[in-house]
Each structure stands twice: as structure tokens, then as C-alpha cells.
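Peer 1: sequence plus predicted model, see below.
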Amino acid sequence: MAVRVYLGDLRYNYSGVLANDCMPLGVAYMKAVMDSEDAGREIDSRLFVYAEKLVEAIRAEPPDVLMLSNYVWNEALSHYLFRVAKAVNPRILTVMGGPNISLEPERQLAYLDRNPHLDVYALGEGDFLASHIVRTFMDAGLSIGRLGAIGLPSATFRNPEGHAAIDETKPRHKEVEDVPSPWLTGIQDEFFDGKLAPMIETNRGCPFTCTFCVQGTKYYSKIHHFSVDRIKEEITYIARRIRSHSPNMGTLRIADSNYGMYERDIEISGHIGQMQREYGWPTFIDATTGKNKPERIIKSVEKVSGALVLYQAVQSLDEEVLRKVKREAIKLEAYKALEVHMRGRGLRSVSDLILGLPGETLESHLRGLHSLLDSNIHQMHNFQAMMLKGAELESLESRELFKFDTRFRVLPKNYGVYEGEKVFDVEEIIVGTDTLSFDDYITCRKWHLVSSVFWNDGWFEHIANLARAFGILNSEWWSRMLPAMEGGNAAMRGFLDAFVAETRGELFPTREACVDFYSRQENFERLQNGEIGDNLMYRYRAIASFHIWNDVCDAAMDATRALFEERGVHRRIPDFDAFWKDLHAYTKLLHASGRDRDEILSSDTAELHYDFPAWLASGRLAEPDGFRFPERTRVHFRLTDEGRRELESALAVWSTHIKALSKMVTRIKVDWQVRECVPARTDEAVAA
Ligand code: SF4
């Protein structure tokens with residue numbers, strides 16, 4: 001009888017929303033290799049992504065080998081499944097693999113000691129190693145003890161005396177083309193279920209050395225490319241299958257560390273553009289674009305009709321911080337060149353900053369935000385530095401060197417109840433260093449909320465542009481928004497206070513304290529309701545966008561008006577009061593919001609004195625008077641056909657619950673939520 005192997009890359013699907021909606025890739029490669037090396041059909045392997053299905057399968061048909069991935073978002077879930085398997089049959093070989101393990105060999109050994117239900121930890125890339133482990137286990141007569149006596153390359157395991165042993169990580173397999181395609185072999189077919197998004201990689205590795213990232217270690221420094229022909233074939237295969245099996249799925253994920261940085265990426269993007277024309281997919285490409293070679297990246301972005309947003313992961317704009325995290329090879333000038341280029345072509349650009357990196361201070365972080373704003377960046381994502389096991393920053397030496405103050409918090413939506421047991425995955429983040437106090441951390445988070453609400457989705461882009469037309473910097477405008485919330489109406493103050501309280505409340509001193517807290521039934525129910533434990537930035541952006549949009553708009557417009565009056569702008573715009581009143585109404589109605597589907601998809605009307613779309617399109621922002629209607633005119637605000645269709649699809653995939661909306665805001669295009677403003681027919685014009 002064939003040896004039964006279950007391979008899992010597990011996602012939580014308990015909260016009603018998938019915590020991670022990528023199709024599995026790493027384990028799919030492992031299965032592809034296992035199948036290709038198994039001419040005698042001695043191995044019967046199956047893939048799993050949903051934990052519930054795997055529990056059922058383990059109970060109904062226990063495997064001989066259970067191999068599960070270990071990422072920061074599924075470590076506890078994988079361990080839970082290993083315990084289930086061992087309880088069913090202690091002879092099942094349990095194997096974990098993945099980047100989420102500390103770099104130091106002694107800590108890798110200690111990991112095995114802390115987890116007695118785990119037999120093997122596979123270190124490094126697993127494509128061929130997984131197959132090798134299964135074959136060695138077969139050679140050992142399916143005996144875990146004899147396997148330990150034979151030993152394994154690039155793994156920790158227990159020797160015959162039961163002590164943890166290690167064979168240190170072996171270099172990567174150079175020929176990635178030796179790994180059969182999990183797409184073209186049909187292995188991924190079962191995951192086109194309308195919920196999971198396809199994820200491909202065109203190459204592996206990263207030439208940069210950032211210490212906060214696993215890919216920054218020497219192990220990943222060489223780039224291994226899959227052939228362009230294979231990538232094109234895979235993309236075509238996926239496009240066809242999307243159309244036949246999950247037509248609502250618009251996303252393509254590209255897992256590369258630096259997509260667009262290589263000449264060949266232009267050809268790949270061209271092929272994706274062809275798929276868009278033939279199959280209407282993808283409408284959204286989630287990829288981290290490269291850090292150098294701006295001219296190539298721009299060509300890639302331009303080939304995929306707005307689906308790929310330029311993603312400039314700067315992480316810090318402080319040279320000293322970049323030096324401390326070994327990221328100085330990435331030149332800030334390249335970002336600036338890209339930014340200028342993208343702006344000129346009307347393309348959107350996104351940037352990342354990480355709070356809590358070594359050497360960063362409150363002042364340097366705010367300077368970085370201001371600098372990005374004044375470079376006219378479209379979006380600034382603000383992340384907190386995570387202690388990623390497998391990255392140099394997580395080593396004991398780095399912790400001591402930079403005096404990291406770390407806390408633990410549950411990963412949003414990464415929890416579930418399996419056969420009565422509550423399981424949570426928890427992340428460790430940096431909330432203080434020798435240069436950043438905890439209070440500074442909280443202050444920075446408030447500014448991040450400002451970016452999230454008032455900048456990133458461009459809801460007030462035309463207002464900031466107007467301010468700029470009168471010599472007010474983006475950063476000056478943006479700096480008024482935190483005071484606007486602090487001194488705003490009860491809804492806005494409550495919004496900010498709740499955010500700060502949750503920012504403090506989500507942090508725990510230890511992993512165990514975090515798990516204990518959420519395990520208590522009353523807290524677990526609040527977690528389930530989405531009251532606590534969600535991604536706060538997304539959640540509050542969703543609240544601002546859908547639930548309290550009118551208050552948000554009032555706060556921004558009132559604060560801008562006060563700034564204009566301070567700078568004398570109001571005297572430079574004729575009939576300012578009427579203009580501002582209309583602009584305020586226009587800005588409010590432009591954005592589709594609401595608490596249910598019908599409200600979100602609804603239309604509205606207003607009577608305005610100005611042709612705002614024509615004024616904005618003209619670029620003559622300092623001269624609104626030239627765009628007055630001859631008489632007060634009724635205008636309609638309604639979603640575009642594309643916006644309505646895409647929002648409807650997104651709401652069908654997600655739902656209008658705040659938990660779902662907070663995930664949805666990261667998946668929809670900003671433009672879909674913007675209503676078009678169209679004058680009513682002339683016979684509808686009203687007397688001024
Ligand atoms: S952060 Fe990005 S550039 Fe730096 S090592 Fe990681 S993948 Fe490479």
C-alpha cells in the first residue's frame with residue numbers, strides 16, 4: 001500500500017473571513033516534486049489549506065507522514081494539527097518546515113525540545129527535502145526511531161537516544177526549473193474555489209540584506225529565476241481556470257521580493273496585460289516591486305492597465321536607520337526618480353515605513369512621513385517592526401544590542417476553535433528601542449491613523465492639491481488632521497480615543513498572556529464579534545470609509561478651511577463661503593459609504609454652483625471662479641459601471657460586516673468607491 005502523506009499550508013477560516021487568502025505555493029511545489037520522483041506510485045500525497053478538512057482527514061484516514069508549513073500566521077495552528085495526529089497515532093511522522101524559526105542552531109534545537117509532538121524540522125527550502133524525508137522514512141520501515149538513526153540533511157530531528165540533533169541548513173537547490181509547475185500539473189486546481197487567490201513566483205531570493213526580513217539572510221541572497229516561458233504558461237493556465245471556476249476573483253499575487261526589477265519582468269507583465277484583454281483578469285496584482293532599476297519597473301506597471309500599483313517599500317528614510325538594518329544598498333534617489341515618473345504619468349504609488357527599527361526616533365519617523373508626503377506619494381503604509389523568526393533582527397544578539405521592548409498581539413483573524421480547543425497565532429512586535437519610547441510609539445500610531453484615514457485612499461486628494469496650489473505643503477495640510485480629530489465632534493474624538501485604547505489594549509507582555517486573555521470566553525466572544533483583535537489600521541479605515549464618512553469629511557474640510565483662513569487663502573478665492581460650502585458637499589457625496597450593500601451602492605444628488613469635475617480636470621485649481629455654472633445646477637453622484645460591478649462582487653465575496661470590510665478595504669481599488677459627478681439634464685437645472 002502506498003505511503004500516505006498529508007501536506008498542509010493552513011489558513012484560519014474561522015472568523016467568517018479567510019485570514020490568508022493565498023493559494024498554497026510552497027507545499028504545492030513539494031507535492032509536485034514528490035509526484036515527479038514517484039514513478040512506482042509508492043506515495044499518495046494530498047494537499048490541505050483548511051484546518052477543518054485536515055482534522056477530518058486525519059481522523060478518517062490517518063496519514064503516515066504529516067508535513068505542515070510554519071509561517072508567523074499559522075505556527076500554532078500547525079502545532080495543534082500535529083498534536084491531533086499524534087493523539088490518533090503516535091507513529092505518524094510529523095514534519096514542520098518554513099522560515100519561521102530562529103537563526104541560531106541552538107535555538108533551532110530548543111524548538112524541537114519544546115515541541116515533543118514534532119519529529120522533524122526541515123530547514124531551508126523544502127521542494128526536494130520533503131520528498132527526501134518521506135523516502136528516508138520509507139527506507140527506515142516507517143519507524144521514527146530508525147529515521148533518527150539514519151539522520152536527515154538540513155533538518156533537526158531526534159537521535160536514537162531521543163535527543164534533538166541538527167544537520168545545519170544546506171545551500172539552496174540552484175535549478176528551480178527542476179521543480180515541476182504545481183499549476184501545469186493540475187495540483188492547484190482544487191484551490192480555485194472563489195475564496196483563494198492564485199499566487200505565483202517568477203523568481204526566488206533577494207539581493208538585499210535587510211536584517212528585519214528573512215529574505216535578507218545570506219541563504220536567500222542568490223536569485224533563482226523560473227523560465228519566462230513557464231511563467232507565461234502558468235499565467236495563461238490560471239487565467240483560463242479563473243474564468244471557468246472563480247470568475248469573481250480579480251487578484252493575482254506575485255510572491256517575488258522585487259517584481260519588475262529584472263528586464264524579463266517587462267515581458268511577463270506584457271503577458272499579464274494580454275490576459276487582461278483576453279480574460280478580464282487580473283484586475284488587481286499584489287506584488288512588491290523592486291528597489292532599483294526604476295525604468296524597468298515603470299514599463300512593467302504600464303503594461304497591466306492600472307492593476308499593479310508601484311510599491312516602494314522604503315521602510316525608513318533615515319540614513320542611520322538604513323545603515324543599522326543593513327539596507328543602505330537601496331538608494332533613496334531611486335524612489336524619488338520613480339515617484340516623479342509615476343506622478344507624471346498619473347500612476348499611483350505606494351510606500352511602506354516600518355516603525356520600531358533600530359535607530360528610529362519619533363522625530364526621524366515623522367520626518368520620513370513628511371518627506372514622503374511632500375514627494376506626493378499616494379499611499380503610505382505604516383507597519384510595526386515584527387520580530388520575524390529567521391531574520392537577523394530576531395537574534396538574541398540584536399535584541400540585546402538595540403534594547404528591543406517587544407509585545408505580543410494576536411494576528412488578526414488568525415484564530416479558531418477546533419474540536420472544542422481554541423487556537424491562536426500571535427506575533428511579536430517592537431514597541432520600543434533604545435531610541436524610541438513606548439509613548440513615542442503611541443504618538444506615531446496616531447499619525448499612522450491620520451495617514452490611513454486622511455491620505456492613503458485619496459479621499460481628500462483634491463483638497464490637498466488645492467492647498468498646494470496656494471503654497472501649502474502636503475505635510476502641512478496632513479499635520480492639521482490629528483488636531484482635527486482631537487478637537488473634532490464627539491464621533492471623531494470617540495473614533496481616535498477608541499483607536500488609542502485598542503492600540504494599547506492589543507499588546508501583551510508575553511505570548512502566553514496574550515493566548516490566556518483571548519482564551520477566556522468573554523474575550524473570545526469579543527474577538528469573534530470583531531470588537532477586539534482585528535488589524536486596527538484596516539478596521540479603523542473601514543469604519544471611517546463606510547460608517548462615519550460624513551464626520552471624517554466634516555473634520556477634514558473644517559480643518560482645511562481654518563488653515564486657509566490662517567494663510568489668507570479665503571481672500572484669494574471669490575465668494576469663498578459659497579465655494580467652500582459646495583466643495584464640502586461635493587467631497588462628501590463623491591465617496592460611496594454606508595452600513596449595508598444598498599446604501600453603499602446608492603446614488604445621490606446635490607445642487608451646486610461649480611462644475612467641480614471640470615475644475616479639477618483643468619488643473620487650474622487656484623481659479624475655481626472660472627468654473628461656475630451659469631446657474632445653480634442639480635448634479636448626480638453615482639458609481640461608475642466598473643465601480644458598481646466590482647464593489648458588488650467584492651461585497652458578495654466578503655460581506656458588510658465590519659470584520660469583512662476591514663479585509664475588503666485592502667482588496668478593492670480606491671476608484672471603485674468614487675462616485676462620478678454628472679450634471680442632470682438641462683431641464684433639471686434649478687434657479688440660482
Ligand atoms: S525587505 Fe525586501 S529588499 Fe529587504 S531583504 Fe527582504 S525582500 Fe529583500
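Peer 2: Looks like it came in fine. In this text the structure is predicted, and so the values were computed from the model without any measurement. Residues are numbered from 1 along each chain as shown.

Peer 1: the nearest residue to residue 290 once chain neighbours are set aside and residue 104, how far apart?
Peer 2: Spatial nearest neighbour of residue 290, chain neighbours left out: residue 261 (2.6 Å); criterion: Cβ to Cβ, 6 or more residues apart in numbering. All C-beta spots, glycine's among them, are computed from the backbone N, C-alpha and C. Per Cβ to Cβ, to the nearest Å, residue 261 is found 31 Å from residue 104.

Peer 1: show me which of those two is the more surrounded one.
Peer 2: Comparing residue 261 with residue 104 by other Cβ atoms under 10 Å, the one with more neighbours is residue 261, at 21 against 13.

Peer 1: restrict stretch 344-357 to CA atoms and write it as PDB.
Peer 2: Written as PDB, here are the backbone C-alpha positions of stretch 344-357 (Å, rounded to 0.1, in the frame of the first residue of the first chain):
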ATOM      1  CA  GLY A 344       3.900  62.500 -14.400                       C
ATOM      2  CA  ARG A 345       2.000  59.500 -15.900                       C
ATOM      3  CA  GLY A 346      -0.900  59.700 -13.500                       C
ATOM      4  CA  LEU A 347       0.000  56.300 -11.900                       C
ATOM      5  CA  ARG A 348      -0.400  55.600  -8.300                       C
ATOM      6  CA  SER A 349       2.500  55.000  -5.900                       C
ATOM      7  CA  VAL A 350       2.600  53.400  -2.500                       C
ATOM      8  CA  SER A 351       5.300  53.400   0.100                       C
ATOM      9  CA  ASP A 352       6.000  51.500   3.300                       C
ATOM     10  CA  LEU A 353       7.600  52.700   6.500                       C
ATOM     11  CA  ILE A 354       8.300  50.400   9.400                       C
ATOM     12  CA  LEU A 355       8.100  51.800  12.900                       C
ATOM     13  CA  GLY A 356      10.400  50.500  15.600                       C
ATOM     14  CA  LEU A 357      13.500  49.800  13.600                       C
END
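
Peer 1: that one and the ligand, are they touching?
Peer 2: No: residues of stretch 344-357 are not located near the ligand by Cβ under 6 Å from any ligand atom, the shortest gap being 9.2 Å.

Peer 1: can you give me the mean pLDDT across that stretch?
Peer 2: Average pLDDT, stretch 344-357: 83.

Peer 1: quick one: low-confidence parts of the stretch 201-350 of the chain?
Peer 2: Applying pLDDT under 70 to the stretch 201-350 of the chain picks out residues 331-332.

Peer 1: what parts of it come near the ligand?
Peer 2: So the stretch 201-350 of the chain meets the ligand at 206, 208, 210, 213, 215-216, 257, 291 (Cβ under 6 Å from any ligand atom).

Peer 1: narrow the residues you listed to those that are buried.
Peer 2: Buried members of these, counted by 16 or more other Cβ atoms under 10 Å: 206, 208, 210, 213, 215-216, 257, 291.

Peer 1: redo those as TSV? Include distance to residue 649.
Peer 2: Below are these laid out as TSV (distance: Cβ to Cβ, whole Å):
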residue	distance to residue 649
206	34
208	37
210	36
213	34
215	33
216	37
257	30
291	33
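
Peer 1: which ones among those residues lie within strands?
Peer 2: Using DSSP state E, the subset of those located in strands is residue 257.

Peer 1: what about residue 60, how many residues nearby?
Peer 2: Look at residue 60: counted by other Cβ under 10 Å, it has 7 neighbours.

Peer 1: just the one 5 residues further on next, same as before
Peer 2: Counted by other Cβ under 10 Å, the residues lying close to residue 65 total 24.

Peer 1: now do residue 683, the pLDDT please.
Peer 2: Value for residue 683, per-residue pLDDT: 47.

Peer 1: report the buried residues of the worst-scoring helix or strand of the chain on mean pLDDT.
Peer 2: Every helix and strand of the chain was ranked by mean pLDDT, DSSP states H and E. The lowest is helix 332-344, at a mean of 73. Using 16+ other Cβ under 10 Å as the test for burial, helix 332-344 gives 332, 334-335, 338-339, 341-342.

Peer 1: pull out the buried positions in stretch 8-25.
Peer 2: By 16+ other Cβ under 10 Å, the buried positions in stretch 8-25 come out as 8-15, 17-25.

Peer 1: what does stretch 25-45 give?
Peer 2: 25-35, 37-38, 43-45.

Peer 1: how about those residues, which pair is most distant?
Peer 2: Pairwise distances across those (Cβ to Cβ) peak at 21.4 Å, for the pair 25 and 44.

Peer 1: ok now stretch 606-615, how far from the chain's centre?
Peer 2: The chain centre lies 37 Å from the centre of stretch 606-615; the measure is Cα atoms, centre = their mean, to the nearest Å.

Peer 1: let's see that stretch as CSV, backbone CA atoms only.
Peer 2: Extracted in CSV, the C-alpha atoms of stretch 606-615 (Å, rounded to 0.1, in the frame of the first residue of the first chain):
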residue,chain,number,x,y,z
ALA,A,606,-26.9,67.9,-4.9
GLU,A,607,-27.4,71.4,-6.3
LEU,A,608,-24.0,73.1,-6.9
HIS,A,609,-22.7,76.4,-8.3
TYR,A,610,-19.5,74.9,-9.6
ASP,A,611,-18.5,72.4,-12.2
PHE,A,612,-16.0,70.7,-9.9
PRO,A,613,-15.0,67.8,-12.3
ALA,A,614,-14.1,70.3,-15.0
TRP,A,615,-12.2,72.5,-12.5
